[in-house]
Every structure is written in C-alpha cells, then in structure tokens.
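Colleague: build me a structure from this.
(one chain, ligands or ions: 2)
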Amino acid sequence: MFTTPFLDIPPLGAAAGTVRLPGSKSISNRVLLLAALASGTTTVHDLLDSDDTRVMLDALAALGCTVERAGDILRIEGLGGRLKTPSASLFLGNAGTAMRPLTAALALLGGEFELRGVPRMHERPIGDLVDALTQLGCRVDYLGNPGYPPLQIHPVALDDLQLDGPIRVRGDVSSQFLTALLLALPLAAQRDIVIDVVGELISKPYIEITLNLLARFGITVRREGWQRFTIPAGSQYRSPGDIHVEADASSASYFIALGAIAEGTGIRIEGVGAESIQGDIRFIDAARRMGARVDSGPNWLAISRGAWPLRAIDLDANHIPDAAMTLAVMALYADGPSTLRNIASWRVKETDRIDAMANELRKLGATVEDGPDFIRVHPLPAGSWRPASIKTYDDHRVAMCFSLAAFNPDGVAVRILDPHCVAKTFPDYFETLFSVAHAPEVPVICIDGPTASGKGTLTVEVARRLGYHYLDSGTLYRVTGLAMRRAGLDAEPAHEARIADLARALPLVFNEGKVLLAGEDVSEDLRTEAAGMDASRVSALPAVRAALLALQRSFRRLPGLVADGRDMGTVIFPDAGLKVYLTASAAHRAERRYKQLISKGISTTIDSLRADLEARDLRDSSRSVAPLKPAPDARLLDNSHQTIEQSVVQVLAWWQEVQPFESS
Ligand SMILES: Nc1ncnc2c1ncn2[C@@H]1O[C@H](COP(=O)(O)OP(=O)(O)OP(=O)(O)O)[C@@H](O)[C@H]1O
Ligand SMILES: Nc1ccn([C@@H]2O[C@H](COP(=O)(O)O)[C@@H](O)[C@H]2O)c(=O)n1
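Modeller: Ligands and ions are numbered 1, 2, ... in the order given. Sure thing, here's the model as predicted:
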C-alpha cells in the first residue's frame, strides 16, 4: 500500500494481464455480522482485508465473539444471538456497512453500547434507521447531532418490542437502513415481522445481496415487490459452515474500465463473474454500452477495448451507485457528453461524491454539469488534458477511479493525493494496477557520485517519500566481486568472460533489506571495504558492465525508480528525468564511513578509510567504460555541510521542479 502524501502516476499507454481482486466489502461485512449472530462456527474464505472489515472484526471481538485466523481463512464462533459482553464502546471508522447493521443488531441484543466513527461518519445520516428502531421500542440516543452518529444504545427486552404492526423505514436515502433491519430483526422473530419501505427503494441490488446471504444463514425473507419484506416467525440464524466471499464487483469496475480504455491484449479478472450476486456486477452492462468487449465465465471476466472512442452514455445509475463513479472517468474518453442520473445517494457517501467528482474532473480540464442527483461529463479531447493533483476526500473510490485518467492521449501525468485512502476496500489497488499497466516512460531519478557521499542513504529516503522503487547498483558489483572470489577468480582481463558469465546469472534475491546469494544472506559480507574494492575492480571490466545492464534496467518499474550508482545518469538511464551528482569532501566522506563502520563494531582508522576511498574513486573515475563522472545534465549537490534531511529535501524540490503539478 502507498502511504506517501501523494502518488504520481506517469502517463500510461497500454495494459494487459490478469488480476485477482480482494473480496467484496459488502459481502464481507454482512458475512461477518451474520456469522457472529449465528449459532455454530463459520469458516470464511477470501474475506476482504481492509479498513472497513477490520473495524467490523474489532467490533465483534469487543462484543465477545471469538475470531481465529489461519492464513487467509477466518473462523468465527457465533454468539447464537446472545451477548457475551453487555456493554462496549465501538469505533467503526467510516464503514457504513458496519455502523448501520451493528446499530440495528445491538439495539435488539439488549446491552449498553456507544458507536462512534471518524468525523465524516458523524456527517452520514442514520436518523431513518434510528426512527425505525425507535418505533419498535428500541432505545437509541444521539450523542452529537440528531440524526447522525455517534450513538448510545440502551438495553431493551425483546419481549417488550412492538412487533405487531409493520415497521416502516425509508428506502430513498440509503438502502443500508433496510439491510440493517433485515440482518438484525431475525433476532426478534418470535412472530412474523413485517418491514414496509417508505419511498422508492434505492440501490436494490444491495438488498438482493442481503437477502441472498440471509438465506445462506437460514433466514428466508418473503418479499413483495420492493415495498414489503417479511421475516417469518421462528427464523433462526444457522451457520452455513463454510462460506466463500466473491471478489469485489465494485473494485472490478476499475479493471473493467481499464480493459475498455487501454490499448493492449485486454484484462482478465479472477474471482468474480457475470453471475455474481453483487449488484455492481451490472457495471459490465454499462461498460458494454460504452464499447467495452466483455466476456465472462463462472468466476472470471475478460475485458478488452471495443469501440474507440468510447460511446457516450445516458444512464440511470441508481442500481450501481458505487461503480458508476468509474463511468464518470470513462466519460472523458467518450464521443459525447455522458449523463449519470438518479445518483442522489452519492451525496451521503464517504464524501459528497457528486461534488468531489465534478471538482476533480474539472481540474483535468473537463466540462462538468451537476445537480442534486445527476452528473454530466463532457469528453476531453486530445490537446486539452491538464496535469492535476487529484484530491481524494478520504474516499477510496475517488482515488481509484481517477487513476484511469493516466491513460489520457496527451501523455499527462496524474497526481493522486493521500493514496492510502484505498485501504478502505483495496489496500493494494495501485500495485495491482501497476502489475498490468504499461508506461511508455517510467520516471527515474539518478543519484551518482563517489564513495560514501551518502548516495544510498539519500536514494532510499527519496524513494520512500515518493513511493518509488530503488536500485542500489553498487550491490550488484559487490555481489559479482563476491561471486568472483568464491569461484577462485581474479579481476583480471583473463577471467573477464567467466566473471561476466557469473554476473549474468547471479542467483540474487533482495528480501526485506537483505541480499541473498543462492539463498545465503550475504548482506554483511558485502558492506566491507574489501568487498567495495573487489566491486571496484570487477566494475572496470567492460564485459561485466555489459552483463549487468539488463538487470539494472529491469528495476525501472511503475510508479518510478530512484537509482544509486556511478553511471546511472550517464549510461544506464540516460533519459532520466532528474540526475543528481552527489559529492562531499574526502575528509567528510572518510569520517562518515568511519562512523558507519565503528557503529557496526568494525575497527578501522579514518586515515586508512580515506586512502581506500580515494583509491576507489580514482579507479572508478579513470576506467575506460562508464567512468564515474557527472552526466552533462546532472545537478551537483555537495552535501559536506548538509544533514541527510537537507539533501533529501533538496532532491525532492528538484524533482518537483520537473513535475507538471502545481504545488500540493
Ligand atoms: N548528508 C549527510 N550528512 C552526514 N552523514 C551522511 C549524510 N549522508 C549520508 N551520511 C552517512 O554517511 C554514511 C555513508 O552513506 P551511504 O552508505 O549512503 O553512502 P554511499 O554513497 O551510498 O556509499 P557507497 O558508495 O560506498 O555505497 C552513512 O552512515 C550515512 O548515514
Ligand atoms: N553504477 C555503479 C555502481 C557501483 N560501481 C562500482 O561498484 C563499487 C561499489 O559500489 P558502492 O556504491 O556499493 O560502494 C564502486 O566503487 C564502483 O566501482 C560501478 O562501477 N557502477
């Protein structure tokens, strides 16, 4: 997951490959609650691991439910409708799928509970659900603004509830209120319980998920249209034993759109198919209308580009409210304005999504019209895309759908602010996108310079702050030197071909900061000055340098690379967007290396270190191939009198100078 303040997505051109998506959030949190309410043990496979499921799991644990994890499998010992803990204070983050159903279930379970969330959760309405529960005789108080969390729930006896008449609940603000009642009321089903929906029920497919999962847990709800639901007397939750969570159909929308937009052989999605019980799977119909080619099997989808440009769409998107946000970005690539209607529920989601989408689409240059329950997006023709820093409003879906703007025809990069908000439902979203997307030019920052100038330290830190990969090219020469020694060879021209063969086939693995050579951890051996000298000797052999070229370039992967060495800017990545030549006086460098070695318990003297590093620099800068020298377009940075932080800030500032974004 990217935890950086922003993530710059370079212009993307094509995409191809297979993705496996995380489990559905809607199914995961319903299954967790049902498993907790049921009798018996439920084994849950492929549960989504994200912020929203974590808050639900924490809440269930606080209620005394036993949850065991074995690898990817979760075993939940159901409470059988009886509370083990009569009071608790629960924090539910920004998870509507936890707040609403838990409110209903806890109001019936007969304990004293406080339910809180993040500030945005306290702006998301819950009054219609509380009104419905109050009609029944449940006791729920608002701890802040009336109609919104946080809530205090007080105990009531099930026998005191008024269940003789239909319970009325509004269905036109959020379908989660009805879902909450449907999930919770079987707890009180000594008699038939009737729920009447007031107003036009929105997001009906989510109710279908609820009914489907209730059936898996032994509760068969009778439905009369979308207006009346009856929970039969005597209904009791029964664990189904094993239950598998489908991949998230809303998350699939980004990859369906990707297949429709990007050039390439197409995208295959594993874990969810056209027969999914999730309403958002109907996104495939909308994508097809816009021109996507979609094939599907029992548990997979295959998508490729069909009509191009995409065809504009005018759609009542009430049945796919979450996935429809993806259509708003696809609309930028269409042949006319696209309108998404009946989406008033966007306004009470993680953020006001109509406002958020309109604002951010406009930043890209698009013309957008919006109203209380619709958005109209005009296409952005080539030549009119602007580089934009996309604000994400702590809304995972805003972050994910705007990544698709990186496929624009103008080759304009997209900056996603606070990319970690995707943790709500899809923590590895960007990594998954990058595993199938192709960028014509992956950004590279090169940091070259003499020994002990601080290149490695600077590289690691700059890469960390940008969320980029990093390459320590010196290690490759050090490992080659070690392999040479172990093979009984010397850095002589006579052994050059054999050393190059070793370099080409190094059985090398980088794992959590350790370097493994044929499975052996050689990290410590590589950091000695002797290993540095051997590296310097083998690195002067042209065949060895040629042998390591492809390996070094293979580190250039999305979203970007920071590379440390001697010839990163001159030979390996001559097209790098920023080249830094880092130096410090020999005295400073010798002193730093001295401190570094002493801190590791290696005894040495400053004088001998200085002599070694000067000898190494001389060899490195006077060799015939790829000598150490600044690239003509490198920026010089002498950090003799700088702290590490100052050097990092300087390089990041230079990098921002060459980025197209206004300061964020
Ligand atoms: N600006 C700085 N001020 C003080 N110390 C620094 C600075 N930059 C790096 N150092 C310290 O200097 C030591 C050497 O740094 P580092 O290993 O990053 O250098 P290097 O250029 O990568 O060396 P080599 O070329 O041998 O791999 C480290 O202990 C590091 O913490
Ligand atoms: N791009 C590079 C990187 C390193 N070398 C040689 O390897 C030696 C060890 O490098 P460190 O950065 O780990 O100290 C170095 O002295 C160079 O001789 C190189 O040639 N090219």
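Colleague: need the distance between the two termini of stretch 295-313.
Modeller: 20 Å (CA to CA, to the nearest Å).
Colleague: dihedrals phi and psi, the residue nearest to residue 379 when sequence neighbours are not counted?
Modeller: Distances taken as CB to CB, 6 or more residues apart in numbering place residue 334 nearest to residue 379, at 4.9 Å, with adjacent residues excluded. (Glycine included, C-beta is placed from N, CA and C.) The phi and psi values for residue 334, taken as degrees, to the nearest 10, are phi -90, psi 170.
Colleague: what does residue 243 give?
Modeller: Dihedral angles (degrees, to the nearest 10) for residue 243: phi -140, psi 140.
Colleague: look up how far residue 71 lies from it.
Modeller: 16 Å (CB to CB, to the nearest Å).
Colleague: cool, residue 3 as well?
Modeller: Taken as CB to CB, the span from residue 3 to residue 71 is 25 Å.
Colleague: neighbour-wise, which of the two wins?
Modeller: More crowded of residue 3 and residue 71, by other CB atoms under 10 Å: residue 3, with 11 against 5.
Colleague: need the contact list for the more buried one.
Modeller: Shown in contact with residue 3 (CB atoms under 8 Å, 6 or more residues apart in numbering): 420, 467.
Colleague: give the helix, strand or coil label for the residue lying farthest from the centre of the chain.
Modeller: Distance from the C-alpha centroid of the chain, by CA atoms, centre = their mean, peaks at residue 494 (50.9 Å). For residue 494, the assignment made with DSSP: H, G, I helix; E, B strand; the rest coil gives helix.
Colleague: ok, residue 392 next?
Modeller: Assignment for residue 392 (three-state DSSP): coil.
Colleague: does it touch residue 419 like I think?
Modeller: Yes. Using CB atoms under 8 Å, residue 392 makes contact with residue 419 at a distance of 7.4 Å.
Colleague: mutual contacts of these two, please.
Modeller: residue 399.
Colleague: which one of those two has more residues nearby?
Modeller: residue 419 (27 against 23).
Colleague: average pLDDT across stretch 608-627?
Modeller: Averaged over stretch 608-627, pLDDT sits at 92.
Colleague: please disregard the earlier target; I meant stretch 585-595.
Modeller: 95.
Colleague: so is it next to ligand 2?
Modeller: No. Using CB under 6 Å from any ligand atom, stretch 585-595 stays clear of ligand 2, with a minimum separation of 9.8 Å.
Colleague: list the buried ones in that stretch?
Modeller: 586, 588-594 (16 or more other CB atoms under 10 Å).
Colleague: what is the distance between that stretch and the centre of its chain?
Modeller: 41 Å (CA atoms, centre = their mean, to the nearest Å).
Colleague: okay, that stretch in CSV with CA atoms only?
Modeller: Once non-C-alpha atoms are left out, stretch 585-595 reads as follows in CSV (Å, rounded to 0.1, in the frame of the first residue of the first chain):
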residue,chain,number,x,y,z
SER,A,585,34.8,16.3,0.6
ALA,A,586,37.1,13.3,1.1
ALA,A,587,37.5,14.3,4.7
HIS,A,588,33.8,14.3,5.4
ARG,A,589,33.2,11.0,3.5
ALA,A,590,36.0,9.3,5.3
GLU,A,591,34.6,10.4,8.6
ARG,A,592,31.1,9.3,7.7
ARG,A,593,32.3,5.9,6.6
TYR,A,594,34.4,5.6,9.8
LYS,A,595,31.4,6.3,12.0
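Colleague: which residues sit against that stretch?
Modeller: 450-454, 584, 604-607, 609-610, 613-614, 638, 640.
Colleague: list the contacts for the residue nearest to residue 148 when sequence neighbours are not counted?
Modeller: Nearest residue to residue 148, sequence neighbours excluded (CB to CB, 6+ apart): residue 122, at 5.5 Å. By CB under 8 Å, 6+ apart, residue 122 lies in contact with 116, 144-145, 148-150.
Colleague: what do you get for residue 410?
Modeller: Counting by CB under 8 Å, 6+ apart, residue 410 has contacts 11, 382-385.
Colleague: from the contacts of residue 122, which would you call buried?
Modeller: Looking at the contacts of residue 122 with 16+ other CB under 10 Å, the buried ones turn out to be 116, 148-150.
Colleague: just the ones of those in strands?
Modeller: residue 116 (DSSP state E).
Colleague: for burial, what's the neighbour tally of the residue lying closest to residue 138 once chain neighbours are set aside?
Modeller: Distances taken as CB to CB, 6+ apart put residue 107 closest to residue 138, at 3.9 Å, once the chain neighbours are dropped. The number of residues packed near residue 107 is 30, by other CB under 10 Å.
Colleague: what does residue 395 give?
Modeller: Quick note: residue 395 (other CB under 10 Å) scores 24 neighbours.
Colleague: who does the residue in the stretch 251-400 of the chain that ligand 1 sits nearest to bridge with?
Modeller: Closest contact between the stretch 251-400 of the chain and ligand 1, by CB to the nearest ligand atom, is at residue 389 (29.6 Å). Going by DSSP bridges, residue 389 is paired in beta bridges with residue 415.
Colleague: pretty sure it is touching residue 660, no?
Modeller: No. Contact criterion CB under 8 Å: residue 389 and residue 660 do not qualify, at 10.0 Å.
Colleague: the more surrounded of the two?
Modeller: residue 389 (17 against 11).
Colleague: mind listing what that one touches?
Modeller: 6, 363, 415, 417, 661-662, 664.
Colleague: one more pass at 7 Å, please.
Modeller: Applying CB atoms under 7 Å, 6 or more residues apart in numbering, we find residue 389 in contact with 6, 415, 417, 661-662, 664.
Colleague: just the buried ones from those residues, in ChimeraX syntax?
Modeller: Here is the ChimeraX command that picks out the buried ones among those, judged by 16+ other CB under 10 Å:
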select :6,415,417,661
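Colleague: of the contacts of residue 389, just say which sits nearest to residue 525.
Modeller: Residue 525 lies nearest to residue 6 out of these, by CB to CB, at 38.2 Å.
Colleague: report the beta-bridge partners for residue 310.
Modeller: residue 334.
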